[in-house]
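Asks: Sequence and predicted structure, then a few things I'm wondering about:
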Amino acid sequence: MAITSHHITETTGRNSSLKFDVEQIRKDFPALDQTIHGKPLVYLDNAATSQKPLEVLEAEEHFYRRDCSNIHRGVHELSERATKSYEDARITAQRFLNARDSKEIIFVRGATEAINLVANTFGRKNVQAGDEILITSMEHHSNIVPWQMLCEEKGAKLRVAPINDRGELLLDEFEKLLGPKTRLAAVVHVSNVLGTINPIREMIEAAHRKNVPVLLDGAQAAPHIQVDVQDLDCEFYTFSGHKLYGPTGVGVLYGKADVLNAMPPYQGGGDMISSVTFEKTIYNSLPYKFEAGTANIAGGIGLGAAIDYLNKIGMENISVYEDELLAYATEALSKIPGLRIIGTAEKKAGVISFVLEGIHPHDVGTILDQEGIAVRTGHHCAQPLMERFKIPATTRASLAFYNTKREIDALAAGIQKVKELLG
Amino acid sequence: MPDLRGLYQEVILDHSKKPRNYRVLEDADYHAEGYNPLCGDRVTIYIKLENNRISDLSFQGSGCAISTSSASLLTETLKGKTLAEADALFEKFHALVTGETNGNLAEDPSLGKLAVFSGVSEFPVRVKCATLSWHTLRSALKGEEKTVTTE
């Protein structure tokens, strides 16, 4: 199983001379090898969810075939094996984010649940009437709505830092909005619509100067960029497993141990307690205090396998390759008359959103699908951002390291076909 | 394999680029707004009734080729129809685009130009685009205040 392959990680992860063989990599992803409407699948919807390598499928299958049992309480062999695999995955996630301690890694259902957890525990405890939460105008609905719900409950105020027409955060404005009443800055690391990489280091420093803790929504960042939470010094970092080539229904909330310790529990139930009487319950220590009920064990193990796989290829290699692919795609799409790219920030990762003059994204999506090309069309769970750019929707192509220049050419040809049919 | 030309027929493309009756009807007796949260399509339908007959109707909004042309053809088709006739047409149109029919509805003369939407049944995710304006019409006639959504 991939969980034991840490030693491979360290040697290949930072070896920039390692040849990045995309055709070889594609063979690791069985779902990529199929035809759609008679055409080879071109999967460009990776920001919605990414495909899974064999290692992940095998790790999940191994759990269900051989180790299936509940964790943390069995005295028998299967439970010990399952517990070890699950806790090894936590250590793998800890190293992936370079967290100080594995108890700072809380397994959740995904980035959405991670944010809701913080809103319901840290938020409910620390936010009072008149206080403020600061977000940006490029947030996904999952980093807007939990804060709105909290603000409504507490009589607090949601403040929104603006962006420019290129889709870049206005850092000065962000800094101005950090005030004595700001209890948390909850900001996206990489925008799921614009692809913008936010200047999170500067944002965290600015927030900390005002003693404001920071939560980063890393759902779109973790699959593309090496993240080091100690270096960043953020209080919280969140990501989803399924966008990171892992299973659905599992994700990670990282929190600084002292911050997590000061928070009340999220849900009550098994595993999150150390003792229960009808008079009083004593809560378990980190990370279990936040993990009530039987976990998504297979999912956690699968996520560990996904991270091992990424380490084997190397996050630096992935970033370099994807940047090249993004530049290639940006150039190819820019050449198409009537196509406008939404989100032209200087620093971007993995995403190209665009609109075609006179043609609605929904029609673009249907025609591209007939060409075997999977893209996302719509508002991408970011309606306020669509309002900002005064468009109802975009077509979004989102990249993974298994995509090729040949597939970008197919996308460009597909868009030409859209124009021929509907233009 | 579904046929794109069957979906995007000439009549549909023509109506999506040059929608008919695309205006606000100032003295409308009924109007309602429809919204498809999946793709952001919005349509507002305006209706004027005389003796239980649709004497005039119009629409405004933004949407894909299917939803825009469907709204446009709806306004063209229903002018002069009674409410009962409009309702019956919606039933037939719905059966046509969902493919939930035994007979060959595309040949049914009462559908008229609406038959061009027969290709939609091959694209199940696009059914909501084709029916948004019809659902909105129904809601307008019921005098519902709330925005209709396709969800």
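Replies: Yes, it's here.

Asks: thought A:Gly241 was touching A:Ile301?
Replies: No. Using CB atoms under 8 Å, A:Gly241 is not in contact with A:Ile301, being 10.6 Å away. All C-beta spots, glycine's among them, are computed from the backbone N, C-alpha and C.

Asks: distance between the helix or strand bottoming out on mean pLDDT in chain B and the chain's centre?
Replies: Ranking every helix and strand in chain B by mean pLDDT, DSSP states H and E puts strand B:148-149 at the bottom, with a mean of 72. When distances are taken as CA atoms, centre = their mean, to the nearest Å, strand B:148-149 is centred 14 Å away from the chain's centroid.

Asks: list the helices and strands that strand packs on?
Replies: Using 3 or more CB pairs under 8 Å, 6 or more residues apart in numbering or on different chains; DSSP states H and E, the elements in contact with strand B:148-149 are strand B:30-36, helix B:127-141.

Asks: Of all the ones you listed, which one is nearest A:Lys419?
Replies: Minimum separation from A:Lys419 across the helices and strands packed on strand B:148-149 (CB to CB) falls at helix B:127-141, 19.7 Å.

Asks: OK, contacts around B:Asn21?
Replies: By CB atoms under 8 Å, 6 or more residues apart in numbering or on different chains, the contact list for B:Asn21 reads B:57-59, B:72, B:75-76.

Asks: For B:Glu91, grab the count of nearby residues.
Replies: 10 (other CB atoms under 10 Å in any protein chain shown).

Asks: Likewise for A:Ile282?
Replies: 9.

Asks: With A:Gly338 instead?
Replies: Residues near A:Gly338, counting by other CB under 10 Å: 12.

Asks: Tell me the confidence at the closest residue to it other than its chain neighbours?
Replies: Spatial nearest neighbour of A:Gly338, excluding adjacent residues (CB to CB, 6 or more residues apart in numbering or on different chains): A:Glu357 at 3.9 Å. pLDDT for A:Glu357: 94.

Asks: For A:Glu357, give its distance to chain B.
Replies: 12 Å (CB to the nearest CB, to the nearest Å).

Asks: Give the full set of residues in contact with that residue.
Replies: Counting by CB under 8 Å, 6+ apart, A:Glu357 makes contact with A:338-340.

Asks: now swap in A:Phe20 and tell me
Replies: A:Phe20 touches A:313, A:317, A:320-321, A:401, counting by CB under 8 Å, 6+ apart.

Asks: what's the closest of those to chain B?
Replies: When the contacts of A:Phe20 are ranked by distance to chain B (CB to the nearest CB), A:Phe401 comes first, at 28.7 Å.

Asks: Apart from its chain neighbours, what residue comes closest to the closest one?
Replies: A:Ile318 (4.7 Å).

Asks: Could you verify that that neighbour is part of a helix?
Replies: Yes. Applying DSSP: H, G, I helix; E, B strand; the rest coil, one finds A:Ile318 inside a helix.

Asks: The residue nearest to B:Ala71 when sequence neighbours are not counted: how many residues sit nearby?
Replies: Once flanking residues are discounted, B:Ala71 sits nearest to B:Ser133: 3.7 Å by CB to CB, 6+ apart. B:Ser133: 27 surrounding residues under other CB under 10 Å.

Asks: Also A:Gln128?
Replies: A:Gln128 has 12 nearby residues by other CB under 10 Å.

Asks: same question, the one 4 residues further on
Replies: As a burial measure, A:Glu132 scores 20 neighbours (other CB under 10 Å).

Asks: In this model A:Thr182 seems to touch it, though I could be wrong.
Replies: Yes. Assessed by CB under 8 Å, A:Glu132 is found in contact with A:Thr182 at 4.9 Å.

Asks: any shared contact partners between the two?
Replies: Residues touching both A:Glu132 and A:Thr182 (CB under 8 Å, 6+ apart): A:Arg159.

Asks: Run through the residues of the stretch 301-423 of chain A sitting next to chain B.
Replies: Within the stretch 301-423 of chain A, the positions near chain B by CB under 8 Å from any CB of the partner chain are A:358-363, A:366-367, A:370, A:377-379, A:383, A:386, A:392-393, A:421-422.

Asks: let's see it at 7 Å
Replies: Counting by CB under 7 Å from any CB of the partner chain, the stretch 301-423 of chain A comes close to chain B at A:360, A:362-363, A:366-367, A:370, A:377-379, A:386, A:392-393, A:421-422.

Asks: Please tell me which one of those residues counts the most neighbours.
Replies: Neighbour count (other CB under 10 Å) singles out A:Asp363 as the most crowded of those, with 29 neighbours.

Asks: ok, that residue touching B:Cys64?
Replies: Yes. Using CB atoms under 7 Å, A:Asp363 is in contact with B:Cys64, at 4.9 Å.

Asks: Distance check, the spatially most central residue of chain A against chain B.
Replies: By CA atoms, centre = their mean, chain A has its centre lying nearest to A:Ala219, at 1.3 Å. Distance from A:Ala219 to chain B, counting by CB to the nearest CB: 20 Å.

Asks: now that residue, what's its secondary structure?
Replies: Following three-state DSSP, the label given to A:Ala219 is coil.

Asks: now do A:Gly304
Replies: When classified by three-state DSSP, A:Gly304 comes out as helix.

Asks: What's the separation between it and A:Gly314?
Replies: The spacing between A:Gly304 and A:Gly314, counted by CB to CB, to the nearest Å, is 17 Å.

Asks: So if I had to pick from the two, which one is more boxed in?
Replies: The neighbour comparison of A:Gly304 against A:Gly314 (other CB under 10 Å) goes to A:Gly304, with 29 against 21.

Asks: Which residue is the nearest non-sequential neighbour of that one?
Replies: Spatial nearest neighbour of A:Gly304, excluding adjacent residues (CB to CB, 6+ apart): A:Ala89 at 2.8 Å.

Asks: which residues does the closest residue to chain B within the stretch 151-300 of chain A contact?
Replies: Nearest residue of the stretch 151-300 of chain A to chain B, counting by CB to the nearest CB: A:Val193, 12.7 Å away. If you count contacts by CB atoms under 7 Å, 6 or more residues apart in numbering or on different chains, A:Val193 has them with A:343, A:353, A:380, A:382, A:385, A:394, A:396.

Asks: Tell me the secondary structure at it.
Replies: coil.

Asks: what's it sitting at in phi/psi?
Replies: phi -100, psi -50 (degrees, to the nearest 10).

Asks: And the strands in chain B?
Replies: Using DSSP state E, the strands assigned to chain B run over residues B:30-36, B:41-50, B:53-62, B:148-149.

Asks: Let me have those in JSON lines, adding mean neighbour count as columns.
Replies: JSON lines is the format used below for these (neighbours: other CB atoms under 10 Å in any protein chain shown):
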{"stretch": "strand B:30-36", "mean neighbour count": "22"}
{"stretch": "strand B:41-50", "mean neighbour count": "21"}
{"stretch": "strand B:53-62", "mean neighbour count": "19"}
{"stretch": "strand B:148-149", "mean neighbour count": "18"}
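
Asks: Please give the number of neighbouring residues around B:Asn52.
Replies: Using other CB under 10 Å, B:Asn52 has 8 other residues around it.

Asks: Can you get me a residue count around residue 119?
Replies: Chain wasn't specified; assuming chain A. So A:Ala119, with other CB under 10 Å, has 25 neighbours.

Asks: The chain in question should be chain B.
Replies: Neighbours of B:Gly119 (other CB under 10 Å): 22.

Asks: Neighbours of the nearest residue to it once chain neighbours are set aside, how many?
Replies: Spatial nearest neighbour of B:Gly119, chain neighbours left out: B:Gly6 (3.6 Å); criterion: CB to CB, 6+ apart. B:Gly6 sits with 14 neighbouring residues when counted by other CB under 10 Å.
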